[in-house]
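# Return a 3D structure for these sequence lines:
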Amino acid sequence: MWNKSEYLFKNTTKLGTFMNNQRKLAGKLKDIFEKEVSDMMTVLSNEANFVFTYDEVALELGEYIR
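Numbers count the residues shown, from 1 in each chain. Prediction:
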């Protein structure tokens, strides 16, 4: 039985679709953080598919999400 990563890497079309989708979702997440909370916490710029934040409120957000 194939695992998900092996399946994606063997099918380059699906891999490309997956990567493009992840980039779009990462962009949406960054936009949300920039628009909604950048006045309360530092949102660090990066090219990852997640958002780096900093400051006390960022720690509180992490605790809330956990």
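# What is the neighbour count of residue 43?
Neighbour count of residue 43, defined by other Cβ atoms under 10 Å: 19. For the C-beta atoms, the positions are set from N, CA and C on the backbone; glycine is no exception.
# The chain: helices as residue ranges?
Assigned by DSSP state H, the helices in the chain fall at 4-10, 12-36, 56-65.
# Same list, the ones you listed, but as CSV with distance to residue 47, mean pLDDT and mean neighbour count please.
CSV is the format used below for the helices of the chain (distance: least, Cβ to Cβ, whole Å; pLDDT from 0 to 100; neighbours: other Cβ atoms under 10 Å):
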stretch, distance to residue 47, mean pLDDT, mean neighbour count
helix 4-10, 20, 79, 11
helix 12-36, 8, 87, 12
helix 56-65, 19, 81, 11
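# The ones you listed: which one's closest to residue 46?
With Cβ to Cβ, the closest approach to residue 46 among the helices of the chain belongs to helix 12-36: 8.5 Å.
# Tell me the gap between the closest one and the middle of its chain.
Per Cα atoms, centre = their mean, to the nearest Å, the displacement of helix 12-36 from the mean C-alpha position of its chain is 7 Å.
# about what we covered before: mind checking which of the helices of the chain is nearest residue 42?
Residue 42 sits nearest to helix 56-65 of all the helices of the chain, at 7.3 Å, using Cβ to Cβ.
# one step back: with distance to residue 46 added, can I get the helices of the chain in TSV?
Listed next are these as TSV, based on distance: least, Cβ to Cβ, whole Å:
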stretch	distance to residue 46
helix 4-10	23
helix 12-36	8
helix 56-65	14
